[in-house]
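# Build me a model from this:
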Amino acid sequence: MVDLAKAPLRKAIWPFPASEPLSMVHPSGHLGCDLTSKDKKSMKITVDLKGFPTLSDAIGKKTLHLDVEGRTVNHVIENLIRVHGEKAKEAFYDEKGRFDPIIQVALNGKTFVSPEEFEKPILQEGDSIAFLLLLAGG
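Numbers count the residues shown, from 1 in each chain. All right, here's what the predicted structure looks like:
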């Protein structure tokens with residue numbers, strides 16, 4: 001995880017060139033998360049979509065309180081897609097099924113979670129996940 005206070009913008013957050021998106025979808029269509037018996041316990045987390053208007057507009061809310069089974073970012077994404085359907089899936093993935101590299105994930109407002117860490121069991125009861133769009137402009 002990257003400390004938000006110390007992160008130089010794009011390189012620390014997304015170490016791959018923008019032209020080289022990372023696919024998070026297994027060929028089976030599964031996001032690559034296997035729930036072990038200890039991970040199957042449901043927990044409550046908060047999902048903040050204020051920085052992700054594509055998804056918050058599709059869902060109709062900017063903040064969600066979810067019961068999620070599993071402890072990974074991918075479990076949260078799978079839950080949002082399962083509950084909110086195709087519009088949620090389109091918000092996270094491009095037409096080839098690759099995770100959109102301009103989406104950043106912040107954990108508890110303190111650290112960025114890189115796509116390589118989406119499958120790691122890092123979430124705990126009461127955590128907050130924020131999905132943000134990394135945009136630049138002038």
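
# what number of residues lie near Gly126?
10 (other C-beta atoms under 10 Å). Where C-beta positions appear, they are placed from N, C-alpha and C, glycine not excepted.

# Give the partner strands of the helix or strand harbouring Lys50 in its sheet and their orientations.
Lys50 belongs to strand 42-51 when elements are defined using DSSP states H and E. According to DSSP bridges, strand 42-51 forms sheet pairs with strand 63-69 (antiparallel), strand 128-133 (parallel).

# following it, which helix or strand shows up next?
helix 53-59.

# which outside residues touch that following helix?
With contacts defined as C-beta atoms under 8 Å, 6 or more residues apart in numbering, helix 53-59 is touched by Leu49, Lys50, Lys62, Leu80, His84, Lys87, Ala88, Ala91, Phe92, Phe131, Leu133.

# run the last query once more with 10 Å
With C-beta atoms under 10 Å, 6 or more residues apart in numbering as the test, helix 53-59 has contacts from 47-50, 52, 61-64, 80, 83-92, 100, 103, 131, 133.

# Using neighbour counts, give me the buried entries of those residues.
47-49, 52, 64, 80, 84, 88-89, 91-92, 100, 103, 131 (16 or more other C-beta atoms under 10 Å).
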